[in-house]
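[1] Return a 3D structure for these sequence lines:
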Amino acid sequence: MGSVRFVTFGCKANQYDTQVLREALARRGWREEEREADLVVVNTCTVTADAGRKARKLIRRVVRERPGTKVCVTGCLAESEPDLLRELPGVEWVLGNGDAKRPVNFLRQLGCEVDPEELGIPAGITEFAGHTRAFLKIQDGCDRSCSFCIIPRVRGASRSRPAAELAAEVRRLVEAGHIEVVLCGIHIGHWGREWGLEPADLLEVLVAVEPRDERGAPLAFRLRLSSIEATEVSGRLVALMAARPERIAPHLHMPLQSGDDGILAAMNRWYRMDAYHAACDAIRSALDRPAFTADVLVGFPGEGEREFANTLEAVRAVGFSRVHVFPFSPRPKTAAWDLGPAGPPEQVRERRARLGEVAAEVGTAWRRGLAGAAEQVVLEGAGGLGGRYQRVRLAPKDLAERASGLVEVRLEAREGAGGVELVGHRAEAARVGGAA
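    Numbering: from 1, shown residues only. Model prediction:
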């Protein structure tokens, strides 16, 4: 037993993995300490070179500020460059992905003896401490081979978790007070492929979960899909979203990466823009004003002004509510490493700024179009997060009787100096969700 600090870099899957390790140590009596920890567990990311630099910098600072602190490095950077990490001062353990992140193996690596009863602890987590929303990792790994991506090499092939195990975890998380559960992973569109299943099969199980409070009353909750490829959003999945709007958020994060077919081919992406647009049209025809968000990569080798202009046009045509823009970062041992240099840094910065401006304009127009839409909001403070992944402020009169949980509102798109703000007006102040 002792004190521990956790630092997490990267994706939702990494944040989930950290919670698994946190609970493993908490069961052993470890307490969390921000500054005077005996052990610092750093869960790393290697999707970009900058992510690796930040992790190494933090490790050096931790040891410099508190000599004698022991550091355990895990995650994708620990998988891709373990020898370099072992040379850093203070680093006692370098544990990659896979079995190293399983609680029992993690404890053994730290030198703990594992009691027999610990072998029977249910898989997953029991809470997502400090958050209204909880992440639920439904699979790990990726079978694709995008030319810019190192993740399949450090995470391995796609592996799905059983639906029954995930349903039990959803029930635990909601009964612990989490009103929204975000389904995450490395490639969630491939959930269930090894069993001849698809994500719609999992969602059918999860929407049927019936968590209850301590009095036996049902608890309302919402599921949200995290990043999923547009071509893997099946008709069954969309139909289920349409049939259960109270249970599944009308928001899909569908990576775009580029709006140019030639660049998509060089990236070894398996779709072209016609297929992406068709997927968006099919989803839009079934759902009321769904939110589309996306990642877009700028500066990929071969991206000229014409290719970049096609990306700008694609962002306008799709009408994204939000776009995450990031620069190409060449990663060793990926196909893109040999494709030639990235665009000049000043050009990449300029294009990121231009794309950011277009994305902001498109997002503002999309929010303006939400006027009058029904929305469910997970309450947090003076407002909360809507199902369409937008912050919604509740009018003061609707907060006179403070409710916590999941509430139904009608949206007002209010123009302001900072753009369009979404304000929710509740028809009734009744509580319909669990405790925040």
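[2] CA only for contacts and neighbour counts going forward, please
    Will do.
[3] mind giving me the domain split of this structure?
    The chain breaks down into these domains under automatic domain parsing: 3-120, 133-368, 374-425.
[4] So, low pLDDT: which residues of this structure?
    Judged by pLDDT under 70, the chain has its weakly predicted residues at 99-100, 117, 398-404, 427-436.
[5] quick one on the thing from earlier: same list (the domains of the chain) but as JSON lines, adding distance to Glu127 and mean neighbour count.
    Formatted as JSON lines, those follow (distance: least, C-alpha to C-alpha, whole Å; neighbours: other C-alpha atoms under 10 Å):
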{"stretch": "domain 3-120", "distance to Glu127": "8", "mean neighbour count": "18"}
{"stretch": "domain 133-368", "distance to Glu127": "5", "mean neighbour count": "19"}
{"stretch": "domain 374-425", "distance to Glu127": "16", "mean neighbour count": "19"}
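[6] nearest to Thr126, of those?
    domain 133-368 (5.8 Å; C-alpha to C-alpha).
[7] From start to finish, how long is that closest one in a straight line?
    26 Å (C-alpha to C-alpha, to the nearest Å).
[8] next one: stretch 59-73
    9 Å.
[9] ok so, going back, any chance of TSV for the domains of the chain, columns distance to Thr126?
    Formatted as TSV, the domains of the chain follow (distance: least, C-alpha to C-alpha, whole Å):
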stretch	distance to Thr126
domain 3-120	8
domain 133-368	6
domain 374-425	19
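[10] give me every residue that touches the nearest residue to Arg86 once chain neighbours are set aside.
    Once flanking residues are discounted, Arg86 sits nearest to Val94: 6.6 Å by C-alpha to C-alpha, 6 or more residues apart in numbering. Contacts of Val94 were listed using C-alpha atoms under 8 Å, 6 or more residues apart in numbering, and they are 72-74, 78, 82, 85-86.
[11] any idea which residue sits dead centre in this structure?
    By C-alpha atoms, centre = their mean, the chain has its centre lying nearest to Lys12, at 3.8 Å.
[12] can you tell me how far the residue lying closest to that residue once chain neighbours are set aside sits from Ser160?
    Spatially, and ignoring its direct neighbours in sequence, Lys12 is nearest to Cys184 (6.4 Å; C-alpha to C-alpha, 6+ apart). Distance, Cys184 to Ser160, by C-alpha to C-alpha: 11 Å.
[13] shared neighbours, those two?
    Common neighbours of Cys184 and Ser160 (C-alpha under 8 Å, 6+ apart) are 138-139.
[14] Moving C-terminal from the top strand by length along the chain, which element do we reach first?
    Determined from DSSP state E, the single longest strand within the chain is strand 406-416. The element immediately downstream of strand 406-416 (helix or strand, assigned by DSSP states H and E) is strand 419-425.
[15] strands paired with that following strand, and their directions?
    strand 391-394 (parallel), strand 406-416 (antiparallel) (DSSP bridges).
[16] CSV please, covering those and showing distance to Lys57.
    Shown next, in CSV, are these (distance: least, C-alpha to C-alpha, whole Å):
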stretch, distance to Lys57
strand 391-394, 33
strand 406-416, 40
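[17] quick one, which of these is nearest to Leu25?
    strand 406-416 (31.9 Å).
[18] how about that closest one as CSV, C-alpha atoms only?
    Taking only C-alpha atoms (Å, rounded to 0.1, in the frame of the first residue of the first chain), the coordinates of strand 406-416 have been written out as CSV:
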residue,chain,number,x,y,z
LEU,A,406,-31.1,13.6,-17.7
VAL,A,407,-33.8,16.2,-18.7
GLU,A,408,-35.7,16.9,-21.8
VAL,A,409,-35.5,20.4,-23.2
ARG,A,410,-36.5,22.4,-26.3
LEU,A,411,-33.6,24.2,-27.9
GLU,A,412,-33.3,27.9,-28.5
ALA,A,413,-30.4,29.1,-30.8
ARG,A,414,-29.5,32.4,-29.3
GLU,A,415,-27.2,34.8,-31.3
GLY,A,416,-24.4,36.4,-29.3
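[19] That one: how far from the chain's middle?
    Here strand 406-416 is found 25 Å from its chain centre; the criterion is C-alpha atoms, centre = their mean, to the nearest Å.
[20] same check, this time on stretch 302-318
    25 Å.
[21] List of residues touching that stretch?
    Contacts for stretch 302-318 (C-alpha under 8 Å, 6+ apart): 258-260, 262-263, 273, 277, 280, 343, 351, 355, 358-359, 362.
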